[in-house]
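**Student:** model the following, please.
(one chain, ligands or ions: 2)
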Amino acid sequence: MPSADKQPQTLYDKVFSDHIVNQQEDGTVLLYIDRHLVHEVTSPQAFEGLKNAGRKVRRPDCTLATTDHNVPTTPRKNFKNVADFVKEEDSRLQCMTLEDNVKEYGLTYFGLGSANQGIVHIIGPEQGFTLPGTTVVCGDSHTSTHGAFGALAWGIGTSEVEHVLATQCLITKKSKNMRIQVDGKLAPGVSSKDIILHIIGKIGTAGGTGAVIEYCGSAIRALSMEARMSVCNMSVEAGARAGLIAPDQITFDYLKGRPLAPQVDSAEWKKAIKYWSSLPSDPEAKYDIEVFIDAKDISPTVTWGTSPQDVVPITGVVPGPDDFSDKAKKQSCERALEYMGLTAGTKMEDIEVDKVFLGSCTNSRIEDLRAAAKIVEGKKVASNIKRAMVVPGSGNIKNQAEKEGLDKIFIDAGFEWREAGCSMCLGMNPDILSPRERCASTSNRNFEGRQGAKGRTHLMSPVMAAAAAVTGKLTDVRKLTDDATPQKSSPKLEISEHVDDYTDEEDLDRINDLPHDSNGGTNDHAPPAKGSSGLPKFTTWKGIAAPLDRSNVDTDAIIPKQFLKTIKRTGLGSALFHPLRFKEDGSEDPDFVLNKEPYRKAKILVVTGPNFGCGSSREHAPWALNDFGIRCVIAPSYADIFFNNTFKNGMLPLIMPDETALNKIADEARAGKEIEVDLVNQVIKSDSGDELAKFDVEEFRKHCLIEGLDDIGLTMQLDEKISKFEDRRTLDTPWLDGSGYLAKWRKTGKKNAPGQPVKVEAAPVPKTNRGEPLEDPTDW
Ligand SMILES: CC(C)[C@H](C(=O)O)[C@@H](O)C(=O)O
Ligand code: SF4
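**Tutor:** Ligands and ions are numbered 1, 2, ... in the order given. Below is the predicted model of the structure:
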């Protein structure tokens, strides 16, 4: 899809503009989504919404589901079904709900019985579902991982999951272009995880807010695909909407032979390579923000605090409040030191750990396991380590590692060798830290309570975690080996041909009977909605405002993992800010604002620190606020996904960058007075009617809030345009249609057909989905 725009373009500009279905004057865009990944935690409420509205999944062939967050990582030799295997009731319900939904809507699904199951961000690339130049979304913040392929990939909330299921599109706006160039050669012992931790340490967790980051430079180009995925994965920890890397020969070689990528050397493959090769940024392209990093400045890097930006080289010491000039940062440092049980000035290498976790969507790929095994080989886990676990990212990775004997190396050393899943990265299953346990972890988040209530996480690379396991403390891996550079992936991972047998003949017949069109895998398009409905209108909102003097409040703090197991949107108010509101014994913390009068009845939250709602894409965060009674948050800035999710629930996240105005509002809140937010006139007033501040809000979002519009209904009114876009897509990038296993079944009429890409011939004359010739194929 060559762009008509002659201006030099970035990779992001190209992928974005190639997916525009419709554009409004204010820049609001309807963007087509090529790939939708689904997991059990963020989808139940989306499917429920779909069902309630009588809508269908528009593109089952572009949707891939798996179960990963809740699943046990214990042996699956005797696995028969989820109902018997998943012991925790609420986890079981979530997994079974996903299975019911994939059956109901005929989606491709990798369940616990399949070697193809794994962490959603591992399996997309592994299967060749993630391809260069595509738009990829998932109800999960680490969707940024897929950007390693030159795909525009970002995390969305549950309302947007429903929107994509129903329309295969999203309403969005263009972000800023940010370039991070890393030049030079990485020193031995330094890996891609160190690159990204170093970057986040430099730009901060809000450094990429409002931007899409393109990583480039010779150090990035030299990375394998696995290593590039680790970098892009943590773009969200840098606050960015997405992170991407231009596709090149390394990308193409990785994709060769993947089941859902075009077949190598076919006409489609050649066409795809031509398109993919056109994607790298034009040499003259302009970026809004540029950052340069010299690879030689990067050491093995570890976190000391409770934010991914709290990093130091392993050779450094724990910082103290005096190392920061800013008052808020001094306070955060004090709090982090207390939480982490650390004293300023302690050498990082003197910190003993209790547990080691080698896994997560950042670092559980075959290359990570190979590199860690090299460090561990012939050694034993130190006697002070209570538990060291390896959790491969997918069944295929586990099988491959076993073929190479890596499991034996880990087991002989004293590691547990587990089945695939998210596991101790967030502990939605039984793999958690006990209070005050310290963990060397290859995951991506070190928030308070992330791996278990009061647990302490230090983030690091796989080789560094392996080194910590064998010495019992944080250790500079370079002391254990001269060569801790990750190997380039070889041999290539073998992918299982197993397709989950979740449908019985009747289901298959029902799915096969669904009308589908020339796009080779599309459900009957639901008729455009007559009107849109659903959300309570937001015009003015008045009430008690609770002040919260904190920065970087993450969504794990707003609503922690144990409450994500619900399949409903309601009932979360009592768990809002759980870790802050309740003490370890379950009693209320009298010092927390929402436990004080009059704030128990707060309807507005006034946050004085920046970057509210960072971290996960869980829409449970706005649901919990809403359920508590808070429909408006006022803060200097927000993390992107939280900001978006809040609007989707008829709530107003109001940006107040002016410190003086914000303090004026916070003072009213501290005095326990009511304030009024008037969205129509864009003004905040005191209880006595005085104007406290004016505020800005995007026109389209304001319109939707005031009218209480459900934007799925709005998008469905553009059905004709979406269909035209799809027809065009079939012509230009035919490899994106019908590449699901399900479509293969439709073609062959067989169950359990091996997962081969399905070739859908492009129609010679462009036609609409209804078979009418396109009058002007360029008019869309
Ligand atoms: C459960 C999901 C919404 C969440 C995310 O979006 O990141 C999870 O994967 C996490 O890492 O916290
Ligand atoms: S960050 Fe952790 S919990 Fe989230 S998707 Fe990745 S592995 Fe799973």
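**Student:** up against ligand 1, what does the chain have?
**Tutor:** With CB under 6 Å from any ligand atom as the criterion, the chain meets ligand 1 at residues 41-42, 69, 140-142, 155, 426, 564, 616-618. C-betas here are computed from N, CA, C, even on glycine.
**Student:** now narrow those residues to whatever sits close to ligand 2.
**Tutor:** Applying CB under 6 Å from any ligand atom to the residues of the chain next to ligand 1, those adjacent to ligand 2 are 69, 140, 142, 426.
**Student:** need those in TSV (columns: neighbour count).
**Tutor:** Conversion of those to TSV gives the following (neighbours: other CB atoms under 10 Å):
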residue	neighbour count
69	26
140	30
142	29
426	25
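**Student:** restricted to strands, list the residues you listed.
**Tutor:** Among those, none falls in strands (DSSP state E).
**Student:** for those residues, which one is nearest residue 197?
**Tutor:** Nearest to residue 197 out of those is residue 142 (CB to CB; 15.2 Å).
**Student:** contacting residues around the closest one?
**Tutor:** 121, 155, 233, 236, 361-362, 444 (CB atoms under 8 Å, 6 or more residues apart in numbering).
**Student:** show the pLDDT at it.
**Tutor:** Here, the pLDDT recorded for residue 142 equals 98.
**Student:** the one 4 residues further on too?
**Tutor:** Residue 146 carries a pLDDT score of 98 in this model.
**Student:** measure how buried it is and give me the count.
**Tutor:** 32 (other CB atoms under 10 Å).
**Student:** contacts only, for it.
**Tutor:** Residue 146 touches 35, 121, 124-125, 130, 136, 153, 229, 232, counting by CB under 8 Å, 6+ apart.
**Student:** coming back round to it: the contacts of residue 142 in helices, which ones?
**Tutor:** The helices, defined by DSSP state H, take in 121, 233 from the contacts of residue 142.
**Student:** which of the contacts of residue 142 sit farthest apart?
**Tutor:** 155 and 362 (14.1 Å).
**Student:** so the two - more neighbours on which side?
**Tutor:** It is residue 362, of residue 155 and residue 362, that has more neighbours when counted by other CB under 10 Å, with 31 against 25.
**Student:** circling back: right, and out of the contacts of residue 142, which lies closest to ligand 2?
**Tutor:** Set against ligand 2, the nearest of the contacts of residue 142 by CB to the nearest ligand atom is residue 361 (3.3 Å).
**Student:** number of nearby residues for that closest one?
**Tutor:** Considering only other CB under 10 Å, residue 361 is surrounded by 27 other residues.
**Student:** what about the residue lying closest to it once chain neighbours are set aside, distance to residue 648?
**Tutor:** Counting by CB to CB, 6 or more residues apart in numbering, residue 121 is the residue found nearest to residue 361 once chain neighbours are left out, at 4.0 Å. Distance of residue 121 to residue 648, computed by CB to CB, to the nearest Å: 23 Å.
**Student:** residues in contact with the nearest residue to residue 86 once chain neighbours are set aside?
**Tutor:** Nearest residue to residue 86 in three dimensions, chain neighbours excluded: residue 92, at 4.0 Å (CB to CB, 6+ apart). Applying CB under 8 Å, 6+ apart to residue 92 gives the contacts 82-83, 86.
**Student:** now these in TSV, with neighbour count, distance to residue 413 and pLDDT?
**Tutor:** TSV is the format used below for the contacts of residue 92 (neighbours: other CB atoms under 10 Å; distance: CB to CB, whole Å; pLDDT from 0 to 100):
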residue	neighbour count	distance to residue 413	pLDDT
82	22	32	96
83	11	36	96
86	21	29	96
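**Student:** so which of these comes closest to ligand 2?
**Tutor:** Checking the contacts of residue 92 against ligand 2 with CB to the nearest ligand atom, the nearest one is residue 86 at 16.3 Å.
**Student:** and that closest one, what does it touch?
**Tutor:** Counting by CB under 8 Å, 6+ apart, residue 86 has contacts 70-72, 92, 95.
**Student:** could you list the domains of this protein?
**Tutor:** 11-296, 300-479, 540-695 (automatic domain parsing).
**Student:** roughly how far does the residue nearest to residue 158 when sequence neighbours are not counted sit from residue 406?
**Tutor:** With CB to CB, 6+ apart as the criterion, residue 158 has its nearest non-adjacent residue at 4.3 Å, and that residue is residue 619. Noted for residue 619: a distance of 37 Å to residue 406, by CB to CB.
**Student:** and residue 569, by the same measure?
**Tutor:** 42 Å.
**Student:** if you count neighbours, what's buried in the longest helix along the chain?
**Tutor:** Longest helix of the chain, by residue count under DSSP H: helix 89-105. For helix 89-105, the neighbour count (16 or more other CB atoms under 10 Å) marks 90-99, 101-105 as buried.
**Student:** nearest to residue 330, of the contacts of residue 92?
**Tutor:** Nearest to residue 330 among the contacts of residue 92, with distances taken as CB to CB, is residue 86, at 44.8 Å.
**Student:** quick check: phi and psi at the closest one.
**Tutor:** Note on residue 86: its backbone torsions stand at phi -90, psi 110 [degrees, to the nearest 10].
**Student:** likewise residue 135?
**Tutor:** phi -100, psi 130.
**Student:** hang on, it packs against residue 29?
**Tutor:** No - applying CB atoms under 8 Å, one finds residue 135 not in contact with residue 29, separated by 11.4 Å.
**Student:** which elements pack onto the helix or strand where residue 215 lies?
**Tutor:** Taking DSSP states H and E as the definition, one finds residue 215 inside strand 211-216. For strand 211-216, the elements it packs on are helix 11-17, strand 176-183, helix 225-233, strand 242-244, judged by 3 or more CB pairs under 8 Å, 6 or more residues apart in numbering; DSSP states H and E.
**Student:** let's see it at 6 Å
**Tutor:** strand 176-183, strand 242-244 (3 or more CB pairs under 6 Å, 6 or more residues apart in numbering; DSSP states H and E).
**Student:** now the host helix or strand of residue 684: buried residues?
**Tutor:** For residue 684, the element it lies in under DSSP H and E is strand 683-686. Residues of strand 683-686 classed as buried by neighbour count (16+ other CB under 10 Å): 684-686.
**Student:** paired strands for that strand, with orientation please.
**Tutor:** strand 674-678 (antiparallel), strand 691-694 (antiparallel) (DSSP bridges).
**Student:** just send those strands back as TSV, with mean pLDDT too.
**Tutor:** Output for the strands paired with strand 683-686, formatted as TSV (pLDDT from 0 to 100):
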stretch	mean pLDDT
strand 674-678	98
strand 691-694	98
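**Student:** would a markdown table of these with distance to residue 587 and mean neighbour count be doable?
**Tutor:** Formatted as a markdown table, these follow (distance: least, CB to CB, whole Å; neighbours: other CB atoms under 10 Å):
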| stretch | distance to residue 587 | mean neighbour count |
| --- | --- | --- |
| strand 674-678 | 29 | 20 |
| strand 691-694 | 35 | 16 |
